[in-house]
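Chemist: Sequence and predicted model, in that order:
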Amino acid sequence: MAVYYHYSPSLAAAIAFSFLFGISTLMHLYQIFRTRTWFWIAFLAGGIFETFGFGARAINANEDPGDMKFAVVVISNIGIILAPVLFAASVYMTLRRIILLTGHPELSLVRPQWLTKLFVLGDVTAFLVQAYGVSQLTSDDPDKVDTGRIVMVIGLWIQIVFFTFFIITALLFWRRMSRLSTKSSKATPWKKHLLVLLIASLLILVRCLYRVIEYMQGPDGSIISNETYVYVFDAVPMFIMMITFHYYHPSEVSCLLFGGKMICLFRVEHSEKRPDMELTGFMRAASGDHGEA
């Protein structure tokens, strides 16, 4: 018989976080449709993954170890483990818009038209590798489970490497922009949104490092045997990140670039494109339209 958990999962905690993620996900759905911020769909998908992941965990938490359903375990693992990869994709796409908003794309370490492609490519690779790892972790075959752990570590390291480079790129852009004293650099809220993006990146990075340590320790490790770590280093950071973006929604960046609507919680504001944000041919090619990555 496969051992899906090395402890008795908390029913109350699983229900609570499934509910919290569900409420936040519904609110993100509302914010996306009110502002037509379509590039944020991947973030919404991450919220759906978290909601169903912890919902499935709650179902099995109410069962005896021998009665836990394999399919439900798979849904739980896929949802909780892969959700941050989807969050990361939206974070990557937001940085390019922030850079274009400043009017100084030349200060970016990676050119804006390549920035999203590069980091999303790494994100997709990490997603596929981790998805395969998850499929092996729930196997009855101990050898496949061991393979799954190794694959998961590889997938997580891919995500960590790209995220570290992403953070370096964002910090370097911040430093270069801070040295400028132009009207555009002072008038646009690039610093606020970049700070939120960096906080979100650090939360995801901490979560990835926790998962790497967990899988490297193996089935007898102290982390995999204690459910508290799942909530302290995974569920809570991801929920904090989702809530933060309700207040500092990326629709403001898109709105200032292309015109339209921006939102903070439920408060929607209409705005035309800033007159000083006329895009050059280079920036127009790099930015695409409001709904593209």
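Modeler: Nice, thanks for sending it over.
Chemist: how close does Val153 sit to Thr25?
Modeler: Distance, Val153 to Thr25, by Cβ to Cβ, to the nearest Å: 29 Å. Where C-beta positions appear, they are placed from N, C-alpha and C, glycine not excepted.
Chemist: cool, and Arg149?
Modeler: Arg149 sits 29 Å away from Thr25, going by Cβ to Cβ.
Chemist: for the chain, what's the longest helix?
Modeler: Ranked by number of residues, the top helix in the chain under DSSP state H is helix 142-178.
Chemist: tell me which residues in that one are buried?
Modeler: By 16 or more other Cβ atoms under 10 Å, the buried positions in helix 142-178 come out as 145, 147-149, 151-156, 158-160, 162-163, 166-167, 169-170, 173-174, 177.
Chemist: what's the next secondary structure element after the strand or helix carrying Met262?
Modeler: Taking DSSP states H and E as the criterion, Met262 maps to strand 260-264. Next helix or strand after strand 260-264 toward the C-terminus (DSSP H and E): strand 267-271.
Chemist: Tell me the helices and strands packed up against that following strand.
Modeler: Applying 3 or more Cβ pairs under 8 Å, 6 or more residues apart in numbering; DSSP states H and E, one finds that strand 267-271 contacts helix 251-258, strand 260-264.
Chemist: Identify, out of the ones you listed, the most deeply packed stretch.
Modeler: helix 251-258 (a mean of 24; mean count of other Cβ atoms under 10 Å).
Chemist: Average pLDDT for that helix, rounded please.
Modeler: For helix 251-258, mean pLDDT rounds to 88.
Chemist: Report the contact partners of the residue nearest to Gly221 when sequence neighbours are not counted.
Modeler: Distance criterion Cβ to Cβ, 6 or more residues apart in numbering; nearest residue to Gly221, sequence neighbours excluded, is Glu214 at 6.7 Å. Residues near Glu214 by Cβ atoms under 8 Å, 6 or more residues apart in numbering: Gly221, Ile223, Ile224, Tyr229.
Chemist: Now do the helix or strand harbouring Glu214 and helix 251-258, the angle between them.
Modeler: Under the criterion of DSSP H and E, Glu214 resides in helix 190-217. Put simply, helix 190-217 runs at 130 degrees to helix 251-258, going by axes from the mean of the first three to the mean of the last three Cα atoms, to 10 degrees.
Chemist: which non-adjacent residue is nearest the spatially most central residue of the chain?
Modeler: Centroid check for the chain by Cα atoms, centre = their mean gives Phe87 as the closest residue, at 1.7 Å. The spatial neighbour of Phe87 that comes closest, neighbours along the chain excluded (Cβ to Cβ, 6+ apart), is Gly46 at 4.3 Å.
Chemist: With Leu115 instead?
Modeler: Closest to Leu115 by Cβ to Cβ, 6+ apart is Arg96, at 4.8 Å.
Chemist: Below-threshold pLDDT in this structure: ranges please.
Modeler: Residues of the chain meeting the criterion pLDDT under 70: 1-3, 65-67, 181-186, 271-293.
Chemist: Indicate which one of the helices and strands packed on strand 267-271 is closest to Pro112.
Modeler: Set against Pro112 and scored by Cβ to Cβ, those come closest in helix 251-258, at 11.6 Å.
Chemist: Return the distance of the closest one from the chain's centre.
Modeler: Mean-position distance between helix 251-258 and its chain equals 20 Å (Cα atoms, centre = their mean, to the nearest Å).
Chemist: quick check: angle from it to strand 260-264?
Modeler: Angle of helix 251-258 versus strand 260-264, following the same axes, to 10 degrees, is 160 degrees.
Chemist: so what secondary structure elements neighbour helix 251-258?
Modeler: Taking 3+ Cβ pairs under 8 Å, 6+ apart as contact, the helices and strands that helix 251-258 lies on are helix 11-35, helix 70-102, strand 260-264, strand 267-271.
Chemist: which one of those lies closest to Ser201?
Modeler: Ser201 lies closest, by Cβ to Cβ, to one member of the helices and strands packed on helix 251-258: helix 70-102, at 6.1 Å.
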